[in-house]
Structure formats: structure tokens, C-alpha cells
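1. how does the following fold in three dimensions:
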Amino acid sequence: MKLSDFDYDLPQDAIATEPARPRDAARLLDLTGDGLTDRHIRDLPDVLRAGDLLVVNDTKVIPARLTGRRGAAGINLTLHKHEGGARWRVFAKPARKCRPGDIIIFGDGFAARVKGRGEGGDVGIEFINPASDSNQDSVLSEAAIDAGLMRYGSMPLPPYIRRPDGSTDDDASDYQTMFAARSGAVAAPTAGLHFTPDLMARLAAANIGLARVTLHVGAGTFLPVTVDDIAEHKMHSEWGQIPKSTADAINRTRDAGGRVISVGTTSLRILEACFGALGRIDEFSADTDIFIMPGYRFEAVDLLLTNFHLPKSTLLMLVSAFSGIQPIREAYRHALDDGYRFFLW
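-> Here you go, the predicted structure:
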């Protein structure tokens, strides 16, 4: 299939730049019946059935954007994958100024040593406290890195969210889901942003269950597809985990005739990666670079709740695989004609 098969015209004023308030007031386009039905997220208890199970991503977004200096040169970094300890893979601008051994200073006692360039154009770094009187750099602990990011980092809002005057005071809380618990994402699992405690209480009262997975969303989710034949696209890997309690809940739901509803493409990707690796849903922990496009056979998920996605994006390819290319085209056309808000909120 060609990249052009997943293109559409998107006016700038269709892109949401702040959340609906309350969050569950966001509009919902329902494709579960015959045709298209206009609803709101707060209507989910009426759309789903008793015995169904929602699977959410409990990853927590970290302030993953840093601005530093290498000598006189300014360097902007976006963390995208933790490699363990003090080491991260990052996207750097300008990457050509990041040479192995270079030190990038972000603030007092908080810096990074460049370890090398990756094949995908990213950069490997190690966070350090740069040499002082002892003339000896020290590698930072994960706790010290977390503290440095909180002090010097900023929330990694997607590039299509325009903030000409910089981040707002609300962005740090708005760009987290109510399920966020495990730090490590550099982009939010955006379908989960629409849930509220009131909505969750009504879902529970309707006997609709909740289970959690983790997929630490990487900045690679924003990278454009640059090949015309989409089968040649290479996904960046992300780390995910399915706990035993969630695997058991999914299997009980299926055995009882209930449906598994993935809240977002990130939850779906780790569930399908698990099934692809094990042939079943079970306790699972691994990096995954699963790329889902039309022709893929879904095994782990019955329904998908997801935001609208960018033209020519791997996420648009995923939802087209799930619902069919033509139904997604019709849904997007309807949403644009009817004034839906696209992408994040």
C-alpha cells in the first residue's frame, strides 16, 4: 500500500489545542452500529455492555524536552527511549552538533555526555553531573535524573499543538491521563485523556471492568513516514508490560462472552504484541516495534477507543486496519464536516 492512501486534507482550525472541560464532554463518533452515530465520551456506559472490559495504559508522561548548551551551541533534546540506568536515546536538534564525548549542560549539576549516533538518526546520551573540583564526572542516579527533568525539562506536547507563547500552567496536568502511574512516556496515551472519575464510577456501576497495561510511548510516535511503500517503514521500539492480573482479567472476560475494549492504540499495540509473541494473552514484558497496517489480523482486542490521527501516520494506518480503509475515510470526512476536534483533546 502507498503512503498517499492515508492522506486527507486537515484544516488547522480542526486541531484541538486544549482539553474539553470536563474531559468526558469530548465528542465521540460511534462506529459500532450501522452507520455513524454522534455521541460524547460520557455516553460510553450506554455504548458498552455489562461484562465488557476496558484496558487502559497507565504510563505517565515525564518532562522529556530539554534545552542545553554544548559550548556556545544550543541543543534541544527530546528523550524517547530509556535504555537503563542513566542512558537514554534522544532526538536532538541539531543532531550534527552531538559528537561522541561531547557534554551538553542543562543546568547546575545536570548534564549529558553524548555516547554516539544511532542508525535511525537519534542520539545516545548518559546523564551526568559534570566534572567540578574533583575533575571527575559522575553518572547520575535515576532519582537524580528525575529531579533534573522536573527542574529543567518541559512537557513534550505534540508538534501540532501550537504554543507561540510557550507552555501554559495547565499543560503539565492536562497532558496526563487519570490513570498515569508509571513514569517513562514522552508522549501521552491520548485516548485516556478523556476519562474522569465520574465517568469511571458510572462505568463500574454498569458492570464494565477496568484493567491496566503499560506502554511507555516514545517520541517516535510523531516521526513522519518517509517511504512511499508503507511496508518499508521501520517503527521505533517502545517498552511495554502486561501484568498477570490484567492477562487474567482479559481471559476471564473472553471466557464469559464479554468484549475487550482497548483505550487507545498504545494499549492495543502491547496486547497485540503479546499475542503475536505468545499466541495468547499472558503476563508479558518486552520492547515492541509492532507495525499494524491493513491486512493485519487482530487477535487480542474487540473494540478500540481512539482519537483522530494525523494524515499519513502509522496510527491512521492502524485504525484503517482495524475498521477498514473506506469506513475510516467516511468517519473522518463526517467528523471534519461536523466540527469534531482532532488529535489530542
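
2. helices of the stretch 151-300 of the chain, start to end?
-> 171-174, 197-205, 244-255, 265-278 (DSSP state H, counting those that start in this stretch).

3. show me where the stretch 1-150 of the chain has helices.
-> Assigned by DSSP H, counting those that start in this stretch, the helices in the stretch 1-150 of the chain fall at 44-47, 142-152.

4. most packed of the helices of the stretch 151-300 of the chain?
-> Mean neighbour count (mean count of other C-beta atoms under 10 Å) peaks for helix 265-278 among those, with a mean of 24. C-betas here are computed from N, CA, C, even on glycine.

5. check contacts around residue 43.
-> Residue 43 makes contact with 28, 30, according to C-beta atoms under 8 Å, 6 or more residues apart in numbering.

6. again, 7 Å this time
-> Residue 43 makes contacts with residue 28, as judged by C-beta atoms under 7 Å, 6 or more residues apart in numbering.

7. give me the pLDDT value at it.
-> Note on residue 43: pLDDT of 98.

8. pop the domain breakdown of the protein in here.
-> Annotated domains of the chain cover 3-61+171-337, 65-152 [automatic domain parsing].

9. and the longest one, how far out from the chain's middle?
-> A distance of 9 Å separates the centroid of the chain from that of domain 3-61+171-337, by C-alpha atoms, centre = their mean, to the nearest Å.

10. sorry, back to before: quick one: closest of the domains of the chain to residue 158.
-> Comparing the domains of the chain against residue 158 with C-beta to C-beta, the closest turns out to be domain 3-61+171-337 (6.0 Å).

11. which of the domains of the chain has the lowest mean pLDDT?
-> With a mean of 90, domain 65-152 has the lowest mean pLDDT of these.

12. what's the first-to-last distance across that domain?
-> Counting by C-alpha to C-alpha, to the nearest Å, you get 9 Å between the two ends of domain 65-152.

13. list the contacts for the closest residue to residue 210 other than its chain neighbours?
-> Sequence neighbours aside, residue 54 is the residue nearest to residue 210 in space, at 5.3 Å (criterion: C-beta to C-beta, 6 or more residues apart in numbering). When contacts are counted by C-beta under 7 Å, 6+ apart, residue 54 is found next to 208-210, 261, 263.

14. ok, 6 Å please
-> Listed by C-beta atoms under 6 Å, 6 or more residues apart in numbering, the contact set of residue 54 reads 210, 261, 263.

15. that one and residue 17, how far apart?
-> 27 Å (C-beta to C-beta, to the nearest Å).

16. how close does residue 218 get to residue 115?
-> Look at residue 218 and residue 115: by C-beta to C-beta, they are 18 Å apart.

17. more neighbours: which of those two?
-> Using other C-beta atoms under 10 Å as the criterion, residue 218 and residue 115 rank with residue 218 on top: 26 against 18.

18. residue 238 touches residue 218, doesn't it?
-> Yes - counting by C-beta atoms under 6 Å, residue 218 is a contact partner of residue 238 at 4.8 Å.

19. just put the helices of the stretch 151-300 of the chain in JSON lines and tack on distance to residue 42.
-> As requested, those are exported to JSON lines (distance: least, C-beta to C-beta, whole Å):
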{"stretch": "helix 171-174", "distance to residue 42": "18"}
{"stretch": "helix 197-205", "distance to residue 42": "6"}
{"stretch": "helix 244-255", "distance to residue 42": "23"}
{"stretch": "helix 265-278", "distance to residue 42": "20"}
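
20. compare those helices and give me the one nearest residue 122.
-> Short answer: helix 265-278, nearest of the helices of the stretch 151-300 of the chain by C-beta to C-beta, at 19.8 Å.

21. name the residues that touch the closest one?
-> Contact with helix 265-278 is made by 55, 57, 189, 213, 215, 217, 240, 242, 262, 281, 284, 288, 290, 299-301, 304, 306, 315, 318, as judged by C-beta under 6 Å, 6+ apart.

22. how about the contacts made by residue 92?
-> So residue 92 contacts 77, 98, 123 (C-beta under 6 Å, 6+ apart).

23. residue 185 reaches residue 217, doesn't it?
-> Yes - between residue 185 and residue 217 there is a contact under C-beta under 6 Å: 4.4 Å.

24. pick out whichever of those two has more residues nearby.
-> Using other C-beta under 10 Å as the criterion, residue 185 and residue 217 rank with residue 185 on top: 30 against 26.

25. who does the more buried one bridge with?
-> Note on residue 185: beta-bridge partners residue 61, judged by DSSP bridges.

26. and it, how far from residue 13?
-> Look at residue 185 and residue 13: by C-beta to C-beta, they are 28 Å apart.

27. next: residue 25.
-> From residue 25 over to residue 13 the distance is 19 Å, taken as C-beta to C-beta.
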